[in-house]
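Engineer: Sequence and computational prediction follow.
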Amino acid sequence: ELDIDRNLTITGAGSGSTTLSYSNTSDFSVVFFSGGGSSTLEGFTISSTHRRAVWIENNSNVTLDDIVVDGMTWRTNGGVINCDSGTLTVSNSEFTNNSAGGPGGVILSYCDTTISNSTFDSNSAVTAGGAVLVWGGDLVLDTVDMDTGSAPWGGLVYVANGDLTVTDGSYESGTATNGGGALLQYEETLGTYTATIDGATFTDNTTSGDGGALWTVGTDTVDLDDLTFTGNSAGSSGGAVYINRDGSLSSTITVTMDDLVFDTNTGVDFGGGAYVAYSDLTGDTLSFTDTSTTIYNGGAMAIAAVLGDVALTNVDIDTASAVDGGGIYANTSAAGADFSLTTATVLDANATDQGGGIYLDGFTTVALDDVWLEDCDAAYGGAVFTNDAASVDMASSFLCDNSATVSGGGIYGESSTTGWDITNTVLVENSAVTGGGLYLDTIADLTMTNDTILGNTASTQGGGGYLTGTDMTLRNTLWSNNASGIGLYGVS
């Protein structure tokens with residue numbers, strides 16, 4: 001064992017030229033940083049058949065640069081590196097085919113840990129963190145590539161009670177049986193923990209639980225920016241992304257999602273692309289293609305139990321499916337929670353029950369502006385389904401070729417205490433059994449201004465619209481070529 005108990009830099013000729021090797025069966029490490037201070041180990045391949053490579057304690061600040069470890073197996077925690085106290089910095093290093101009998105297939109750290117310009121391939125852990133587990137410290141991953149890792153929790157990375165910062169890099173083929181196919185962050189105490197993930201790609205990660213690529217629970221602030229999720233899957237909720245709070249915590253999660261691409265992600269319960277709960281959510285420039293859930297709701301995105309507001313802008317959804325909310329599913333029971341969707345396209349989204357394109361429940365106000373919904377279908381509300389929204393404003397939108405097997409081919413709305421305003425909107429060639437263009441039930445008031453209701457059909461009543469318990473005001477609005485004359489039924 002090489003015991004370093006002072007400030008020291010040890011430099012090899014490079015990981016391709018210099019090897020530290022040890023085959024003794026005693027329970028020590030190849031390199032032991034024991035004396036505090038700041039030390040650097042650089043330019044080595046480390047090899048051992050019976051022990052981990054590095055142990056750090058006594059508040060030592062350790063930098064590992066140009067380190068290569070391949071095929072190291074440790075019977076308990078931290079297959080290659082264990083940081084008990086201090087700080088750990090890893091750069092320009094490679095870790096392949098390593099494993100731990102406990103958590104942290106490569107690294108187990110109770111320290112603030114920074115990893116940059118490094119690769120991890122085919123590492124595994126028996127309990128959590130197939131490549132890296134950090135507990136009680138912050139983790140920074142900068143331009144790190146991880147490929148093929150496995151653990152019950154966090155197939156590649158597990159962070160508990162610390163901030164997670166990811167910049168660039170790729171995370172691929174992580175597998176977790178319980179949750180977080182690639183990255184998992186869990187905060188079990190109420191604090192000010194954050195997750196900031198920017199510029200990375202997540203591909204073909206999977207879990208039997210929640211969060212095919214990313215699982216974060218209990219984190220106060222989640223900021224996702226410029227990310228691509230492709231081919232990830234979850235056996236429960238959040239085919240790619242799962243954001244929730246711990247059941248014992250009551251805080252609202254502040255979530256920001258910008259410039260995200262979801263392609264061919266799948267879930268079983270909620271959120272084929274993303275599941276976000278107990279949040280105040282802002283999203284801009286979100287793209288979902290071929291996303292789905294099979295049992296419950298939110299084929300592209302499920303936004304559950306909203307505590308603040310939801311504001312989404314520049315959203316594109318193409319081909320999505322679920323039971324409710326084939327494209328977007330959002331609900332709340334919080335007083336004063338608002339939902340807005342601005343500049344969005346939803347194509348070929350379908351729900352077996354309600355809201356082929358969009359399902360919204362319980363919001364105080366709903367604002368849909370510049371929204372295009374086409375070829376969406378459901379039993380109720382082929383394009384849009386709303387329930388218990390005090391007021392709904394739809395403006396400058398286009399709903400075309402949507403269908404419902406029961407009611408509301410374009411729009412289905414019920415239980416609005418203030419009413420609906422529809423302005424500068426076109427409903428064309430939508431169809432249903434009842435209310436081909438729109439179906440409104442117990443809406444306090446409907447005002448339509450500068451709208452076009454054209455060529456919609458219903459096999460029973462209200463080709464253009466079916467209203468029950470609703471007053472209606474029309475201003476400069478065209479109803480034409482709808483089934484049954486103008487196709488307007490039930491105006492009081």
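Structural biologist: Right, received. Where do you want to start?
Engineer: In terms of pLDDT, where does the residue lying closest to Asn314 once chain neighbours are set aside sit?
Structural biologist: In space, and not counting its chain neighbours, Asn314 is closest to Thr285: 4.5 Å by CB to CB, 6 or more residues apart in numbering. In this view, the C-beta of every residue, glycine as well, is placed from N, C-alpha and C. pLDDT recorded at Thr285 is 98.
Engineer: wait, Thr285 sits on Val261?
Structural biologist: No: contact criterion CB atoms under 8 Å: Thr285 and Val261 do not qualify, at 9.1 Å.
Engineer: one step back: so the residue nearest to Asn314, which of the three states?
Structural biologist: At Thr285, secondary structure determined by DSSP: H, G, I helix; E, B strand; the rest coil is strand.
Engineer: Contact partners for it?
Structural biologist: For Thr285, the contact set (CB atoms under 8 Å, 6 or more residues apart in numbering) comprises 258-260, 313-314.
Engineer: rerun at 10 Å
Structural biologist: Residues near Thr285 by CB atoms under 10 Å, 6 or more residues apart in numbering: 225-226, 257-261, 312-316, 343.
Engineer: just to revisit the earlier point, mind listing the shared neighbours of Thr285 and Val261?
Structural biologist: By CB under 10 Å, 6+ apart, Thr285 and Val261 have these common neighbours: 226, 316.
Engineer: quick one, what contacts Gly271?
Structural biologist: Gly271 is in contact with 210-212, 234, 236-243, 262, 265, 277, 291, 293, 296-304, 322, 325, 328-329, counting by CB under 10 Å, 6+ apart.
Engineer: Could you do Asn456 as well?
Structural biologist: Contact partners of Asn456, counting by CB under 10 Å, 6+ apart, are 399-400, 402, 409-410, 427-432, 435-438, 462-465, 479-483, 487.
Engineer: picking that back up, where's the residue nearest to Asn314 relative to Thr313, distance?
Structural biologist: Remark: distance between Thr285 and Thr313 (CB to CB, to the nearest Å) = 7 Å.
Engineer: okay, and the common contacts of these two?
Structural biologist: Contact criterion CB under 10 Å, 6+ apart; residues shared by Thr285 and Thr313: 258, 343.
Engineer: on that earlier part again, now restrict the contacts of Asn456 to buried residues only.
Structural biologist: Taking 16 or more other CB atoms under 10 Å as the criterion, what is buried in the contacts of Asn456 is 399-400, 402, 409-410, 427-432, 435-438, 462-465, 479, 481-483, 487.
Engineer: Out of these, list just those in strands.
Structural biologist: Judged by DSSP state E, the buried ones among the contacts of Asn456 include 399-400, 427-428, 431-432, 438, 465, 479 as members of strands.
Engineer: Could you export those as JSON lines, including distance to Glu414?
Structural biologist: Converted to JSON lines, those look like this (distance: CB to CB, whole Å):
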{"residue": "Leu399", "distance to Glu414": "18"}
{"residue": "Cys400", "distance to Glu414": "23"}
{"residue": "Leu427", "distance to Glu414": "18"}
{"residue": "Val428", "distance to Glu414": "23"}
{"residue": "Ser431", "distance to Glu414": "20"}
{"residue": "Ala432", "distance to Glu414": "14"}
{"residue": "Leu438", "distance to Glu414": "12"}
{"residue": "Gly465", "distance to Glu414": "14"}
{"residue": "Trp479", "distance to Glu414": "22"}
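Engineer: could these be laid out in JSON lines, adding distance to Phe270 and pLDDT?
Structural biologist: Shown next, in JSON lines, are those (distance: CB to CB, whole Å; pLDDT from 0 to 100):
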{"residue": "Leu399", "distance to Phe270": "25", "pLDDT": "98"}
{"residue": "Cys400", "distance to Phe270": "28", "pLDDT": "98"}
{"residue": "Leu427", "distance to Phe270": "29", "pLDDT": "98"}
{"residue": "Val428", "distance to Phe270": "32", "pLDDT": "98"}
{"residue": "Ser431", "distance to Phe270": "29", "pLDDT": "97"}
{"residue": "Ala432", "distance to Phe270": "26", "pLDDT": "96"}
{"residue": "Leu438", "distance to Phe270": "27", "pLDDT": "96"}
{"residue": "Gly465", "distance to Phe270": "32", "pLDDT": "94"}
{"residue": "Trp479", "distance to Phe270": "38", "pLDDT": "91"}
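Engineer: Can you tell me which of the contacts of Thr285 end up in strands?
Structural biologist: Mapping these onto strands (DSSP E) picks out 225-226, 257-261, 312-316, 343.
Engineer: Kindly give a single ChimeraX line that selects the buried subset of the residues you listed.
Structural biologist: Selection command for ChimeraX covering only the buried members of these, criterion 16+ other CB under 10 Å:
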select :225,226,257,258,259,260,261,312,313,314,315,316,343
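Engineer: Between the ones in strands among the contacts of Thr285, which sits nearest Met472?
Structural biologist: Thr343 (27.9 Å; CB to CB).
Engineer: Spatially nearest residue to that closest one (excluding sequence neighbours)?
Structural biologist: Once flanking residues are discounted, Thr343 sits nearest to Asp370: 4.6 Å by CB to CB, 6+ apart.
Engineer: do Ala320 as well
Structural biologist: Spatial nearest neighbour of Ala320, chain neighbours left out: Gly299 (3.5 Å); criterion: CB to CB, 6+ apart.
Engineer: Same question for Ser47.
Structural biologist: In this structure, Ser47 finds its nearest non-sequential neighbour in Ser21, 4.3 Å apart by CB to CB, 6+ apart.
Engineer: cool, Tyr329 as well?
Structural biologist: Here the residue nearest Tyr329, using CB to CB, 6+ apart, is Gly298, at 3.5 Å.
Engineer: would you turn the ones in strands among the contacts of Thr285 into JSON lines with pLDDT?
Structural biologist: Output for the ones in strands among the contacts of Thr285, formatted as JSON lines (pLDDT from 0 to 100):
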{"residue": "Asp225", "pLDDT": "98"}
{"residue": "Asp226", "pLDDT": "98"}
{"residue": "Met257", "pLDDT": "98"}
{"residue": "Asp258", "pLDDT": "98"}
{"residue": "Asp259", "pLDDT": "98"}
{"residue": "Leu260", "pLDDT": "98"}
{"residue": "Val261", "pLDDT": "98"}
{"residue": "Leu312", "pLDDT": "98"}
{"residue": "Thr313", "pLDDT": "98"}
{"residue": "Asn314", "pLDDT": "98"}
{"residue": "Val315", "pLDDT": "98"}
{"residue": "Asp316", "pLDDT": "98"}
{"residue": "Thr343", "pLDDT": "98"}
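Engineer: I'd like the ones in strands among the contacts of Thr285 written out as JSON lines, with distance to Ser38 added.
Structural biologist: As requested, these are arranged in JSON lines below (distance: CB to CB, whole Å):
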{"residue": "Asp225", "distance to Ser38": "33"}
{"residue": "Asp226", "distance to Ser38": "34"}
{"residue": "Met257", "distance to Ser38": "38"}
{"residue": "Asp258", "distance to Ser38": "37"}
{"residue": "Asp259", "distance to Ser38": "38"}
{"residue": "Leu260", "distance to Ser38": "39"}
{"residue": "Val261", "distance to Ser38": "41"}
{"residue": "Leu312", "distance to Ser38": "47"}
{"residue": "Thr313", "distance to Ser38": "47"}
{"residue": "Asn314", "distance to Ser38": "47"}
{"residue": "Val315", "distance to Ser38": "48"}
{"residue": "Asp316", "distance to Ser38": "49"}
{"residue": "Thr343", "distance to Ser38": "51"}
